[in-house]
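K.L.:
Sequence first, predicted model second:
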Amino acid sequence: MNEMNAHASLGNSGNDRGIRPVARAYYAPSRRSGVTLVELLIVVVVIGIILAMAAPPFAALRERLRIDGAAQQLVGDLRRLQVEAIKRNQSVRLERTGAATYNMDFVGNRTLDGGVTFADASAYEVRMASFGPPVGGGATFILRSGPRQKTVTVSAAGLVTVQ
């Protein structure tokens, strides 16, 4: 047999040693895009853990903002009451009408925002003189929302502050 036939009989594809070439295992990457259910569940669990850690600070922040907003609302209304007294050149009053409501002469009924209420120790009313300061001395209104409280004070000179 000649050399050419020897190569052909071994099934050699032309290499000199008579060794058959081995097919390589090649796995083509999948062309599908997206995520698996397991990956999605892991992401949902991680987000849930992060939200669980962040929820208490957000609740406390929300409570603090609620009472701060109500205190600023009352401060604004007390200052408006002073302006009304000066503008009309007569005394005007703010009177508590409920746990979270009050009435202002020439303005009408108002409600504290966000479930904030007056504490029992709060002043019942304050009357502003025609030149601005309160008649008969100052007044203190205590606002409560859950465990938090703010104190809105009208001094005898008419200065309105929040503590």
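P.N.:
In hand now; what should we look at? Residues are numbered from 1 along each chain as shown.
K.L.:
Report the spatially nearest residue to T140, omitting neighbours in sequence.
P.N.:
Of all residues not flanking T140 in the chain, T153 sits nearest, at 5.0 Å (C-beta to C-beta, 6 or more residues apart in numbering). Any C-beta I mention is one placed from the backbone N, CA and C, and that applies to glycine too.
K.L.:
helix/strand/coil for that neighbour?
P.N.:
strand (DSSP: H, G, I helix; E, B strand; the rest coil).
K.L.:
correct me, but it touches T161?
P.N.:
Yes. Between T153 and T161 there is a contact at 5.2 Å, judged by C-beta atoms under 8 Å.
K.L.:
okay, those two: which has more neighbours?
P.N.:
T153 (17 against 10; other C-beta atoms under 10 Å).
K.L.:
got the contact list for that one?
P.N.:
Shown in contact with T153 (C-beta atoms under 8 Å, 6 or more residues apart in numbering): G138, A139, T140, F141, V160, T161, V162, Q163.
K.L.:
In those residues, which residue is surrounded by the most others?
P.N.:
F141 (26 neighbours).
K.L.:
secondary structure element for that residue?
P.N.:
Using DSSP states H and E, F141 falls within strand 139-145.
K.L.:
Counting by contacts, list what that strand packs against.
P.N.:
If you count contacts as 3 or more C-beta pairs under 8 Å, 6 or more residues apart in numbering; DSSP states H and E, strand 139-145 packs onto helix 37-88, strand 117-118, strand 148-154.
K.L.:
mean confidence score for the first one?
P.N.:
For helix 37-88, the per-residue pLDDT values average out at 90.
K.L.:
tell me how far the helix or strand that that helix is followed by is from the chain's mean position?
P.N.:
Later in the chain than helix 37-88, the nearest helix or strand by DSSP H and E is strand 92-96. A distance of 33 Å separates the centroid of the chain from that of strand 92-96, by C-alpha atoms, centre = their mean, to the nearest Å.
K.L.:
what is the orientation angle of strand 92-96 with strand 139-145?
P.N.:
Between strand 92-96 and strand 139-145, the angle comes out at 40 degrees (axes from the mean of the first three to the mean of the last three C-alpha atoms, to 10 degrees).
K.L.:
No more questions from me, cheers.
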